[in-house]
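**Student:** model this:
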Amino acid sequence: MDKDWITAFEALRSVYIDEAFSNIAVTEAISRHKGCRDSFVRMLVKGVIRDTIRLDSIAGELASGGLKSINKRTLIVLRMGLFAIRSLDSVPDYAAVNTAVDLARAVAKGTDRFVNAVLRSYIRRKDEFSDETCSLSLKYSFPEDLTRLLTGQYGEMTEDILKGLNTPPHVVIRPNTLQTDPEILIRSLESEGFSVSRTGKSERALVVQG
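**Tutor:** I've put the predicted structure just below:
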């Protein structure tokens, strides 16, 4: 069983079923699974939560009995698999399917064939689920009521607003000048594989990526 995926599943189960706060749930899940890839797990969990509305609409269309026919644990696995196929370039489609099926065997016994069928059906029918053919609510995974409210207030700007709300903010840090200076910190971070740039708005603020 893939440690990263089981960790992400546990965090998502806490959020969707126990109604836990996502930041607490993912931190606790990571602490229980030493050796998992912290950044990957957080990215997977946050991505699935962010795209829940869109992922559920796809799962509901692909499942013969609709969304209501899928039990909660299986739905979480499907959300993870669909998100990986749709959004994770680092995970090949076949790997996303295989990992999701293995996860279903472990956490939602008896549903692995169903998960396999739904995910493979999505891969075959990807073009039918193009973001360009759906509403703004589904494209950016926001509730219909909120999308209508924003459209009424901002008109054509609504799509840019929704897109911006879905874009993760930059990580900006400021060195403690009693301990180091910006140039030393930049070199140190770059030696660890991070990309660092200055914001142009503050001499001390550094934007860190990677």
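
**Student:** look up how far Pro168 lies from Ser39.
**Tutor:** In this view, Ser39 and Pro168 are 12 Å apart by C-beta to C-beta, to the nearest Å. Yep, even glycine has a C-beta here, placed from its N, CA and C like the rest.

**Student:** now swap in His33 and tell me
**Tutor:** Distance of His33 to Pro168, given as C-beta to C-beta: 23 Å.

**Student:** which of those two has more neighbours?
**Tutor:** Per other C-beta atoms under 10 Å, whichever of His33 and Pro168 has more neighbours is His33, with 16 against 9.

**Student:** residues contacting the closest residue to that one other than its chain neighbours?
**Tutor:** Counting by C-beta to C-beta, 6 or more residues apart in numbering, His33 lies nearest to Thr7, which is 4.3 Å off, once chain neighbours are set aside. Residues in contact with Thr7 (C-beta atoms under 8 Å, 6 or more residues apart in numbering) are Ala29, Ile30, Arg32, His33, Cys36, Val41.

**Student:** phi first, then psi, for the residue lying farthest from the centre of the chain.
**Tutor:** Distance from the C-alpha centroid of the chain, by C-alpha atoms, centre = their mean, peaks at Leu178 (37.3 Å). Taking degrees, to the nearest 10, you get phi -80, psi -20 for the backbone angles of Leu178.

**Student:** do Val171 as well
**Tutor:** Main-chain dihedrals, Val171, degrees, to the nearest 10: phi -90, psi 120.

**Student:** tell me which residues touch the nearest residue to it once chain neighbours are set aside, please.
**Tutor:** Computed as C-beta to C-beta, 6+ apart, the closest residue to Val171 that is not its neighbour in sequence is Val208, at 4.9 Å. Shown in contact with Val208 (C-beta under 8 Å, 6+ apart): His170, Val171, Val172, Ile173, Leu189, Phe194, Ser195, Val196.

**Student:** go again using 6 Å as the cut-off
**Tutor:** Contact analysis of Val208 by C-beta atoms under 6 Å, 6 or more residues apart in numbering lists Val171, Ile173, Phe194, Val196.

**Student:** tell me the secondary structure at it.
**Tutor:** strand (DSSP: H, G, I helix; E, B strand; the rest coil).

**Student:** center of this protein, which residue is that?
**Tutor:** Mean-position check on the chain, C-alpha atoms, centre = their mean. Result Gly47 at 1.2 Å.

**Student:** is that one in a helix, a strand, or coil?
**Tutor:** helix.

**Student:** does it touch Leu82 like I think?
**Tutor:** No: the pair Gly47 / Leu82 is not scored as a contact, 10.6 Å apart, by C-beta atoms under 6 Å.

**Student:** ok, back up a step: so which of the contacts of Val208 sit within strands?
**Tutor:** Members of the contacts of Val208 lying in strands (criterion: DSSP state E): Val171, Ile173, Val196.

**Student:** ok, now which ones touch the last one?
**Tutor:** Yep, that's Val196 we're talking about. Val196 touches Ile186, Leu189, Glu190, Leu206, Val208, counting by C-beta under 6 Å, 6+ apart.

**Student:** which two in these are spaced the farthest apart?
**Tutor:** Put simply, by C-beta to C-beta the two of those set farthest apart are Glu190 and Leu206, 10.8 Å from each other.

**Student:** give me the number of residues near the closest residue to Gln209 other than its chain neighbours?
**Tutor:** Leaving aside its sequence neighbours, Gln209 sits nearest to Ser195 (C-beta to C-beta, 6+ apart; 4.4 Å). The number of residues packed near Ser195 is 10, by other C-beta under 10 Å.

**Student:** that's all I had, so thanks and see you.
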